[in-house]
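K.L.:
Below are the sequence and a predicted model for it; my questions follow.
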Amino acid sequence: MTDGRPGLPSGGQTRRLALSGGKGLIGRCRDFTRAALTDWQWIPADPADASTEAGQEQLLVVEDVLLLVSELVTNACLHAGGPEELTLHCTDERLRVEVADPSPTAPSPRRARPALPGGHGLHVVERLSRDWGSSSRGSGKTVWLEVASPLRASVASED
């Protein structure tokens, strides 16, 4: 049984990307995420659909997700010894993004200084995601976030 989107089982679907090295890592994670969101129809396939209000909202949510993936991966690179795995789990209600790293230290937002770079990443995550946090994983941790599905909102607005 599916939720009306071809290829997405009713329990959702999970995709994983093993990560190593540093060169091109963020771009690779964004490309992987964009491909998954395309398969899960978060990106309108028909250009006519992309020009509708619902289609524009979908595209904005996709851009937010790509930014959020960049933030989690960048934080793992800068503060946690580098990311080990990116996991995406999509259901008809939400997308969960997880980045596993070798550090046991839980992330905490730094005091952002508006005029200076740095310290803004987790504030962006807090603002754009529905929820976020971290959990222990072996000797490291997984930092996760959740974003509500834009497809759910467009179905509700059609009713």
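P.N.:
Nice, thanks for sending it over. Numbering: from 1, shown residues only.
K.L.:
What segments of this protein are helices?
P.N.:
Under the criterion DSSP state H, the chain carries helices at the ranges 25-39, 47-50, 53-79, 121-128, 150-158.
K.L.:
Would you format the ones you listed as JSON lines with distance to Arg111, mean pLDDT and mean neighbour count included?
P.N.:
Glycine gets a C-beta too; all of them are placed from N, C-alpha and C. Conversion of the helices of the chain to JSON lines gives the following (distance: least, Cβ to Cβ, whole Å; pLDDT from 0 to 100; neighbours: other Cβ atoms under 10 Å):
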{"stretch": "helix 25-39", "distance to Arg111": "24", "mean pLDDT": "96", "mean neighbour count": "17"}
{"stretch": "helix 47-50", "distance to Arg111": "39", "mean pLDDT": "85", "mean neighbour count": "11"}
{"stretch": "helix 53-79", "distance to Arg111": "15", "mean pLDDT": "94", "mean neighbour count": "18"}
{"stretch": "helix 121-128", "distance to Arg111": "10", "mean pLDDT": "90", "mean neighbour count": "16"}
{"stretch": "helix 150-158", "distance to Arg111": "32", "mean pLDDT": "61", "mean neighbour count": "14"}
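K.L.:
can you put those helices in TSV and add distance to Leu95?
P.N.:
Rendered in TSV, the data for those read as follows (distance: least, Cβ to Cβ, whole Å):
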stretch	distance to Leu95
helix 25-39	8
helix 47-50	19
helix 53-79	6
helix 121-128	12
helix 150-158	9
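K.L.:
just so I know, which of these lies nearest Ser135?
P.N.:
Between Ser135 and these, the tightest spacing by Cβ to Cβ is seen for helix 53-79, at 13.6 Å.
K.L.:
Tell me the gap between that closest one and the middle of its chain.
P.N.:
Here the centre of helix 53-79 is set off from its chain's centre by 6 Å, with Cα atoms, centre = their mean, to the nearest Å.
K.L.:
and that helix with helix 121-128, angle?
P.N.:
An angle of 160 degrees separates the directions of helix 53-79 and helix 121-128 when computed by axes from the mean of the first three to the mean of the last three Cα atoms, to 10 degrees.
K.L.:
hmm, back to that, out of the helices of the chain, which is closest to Glu93?
P.N.:
Comparison of the helices of the chain against Glu93 by Cβ to Cβ identifies helix 150-158 as nearest, at 6.2 Å.
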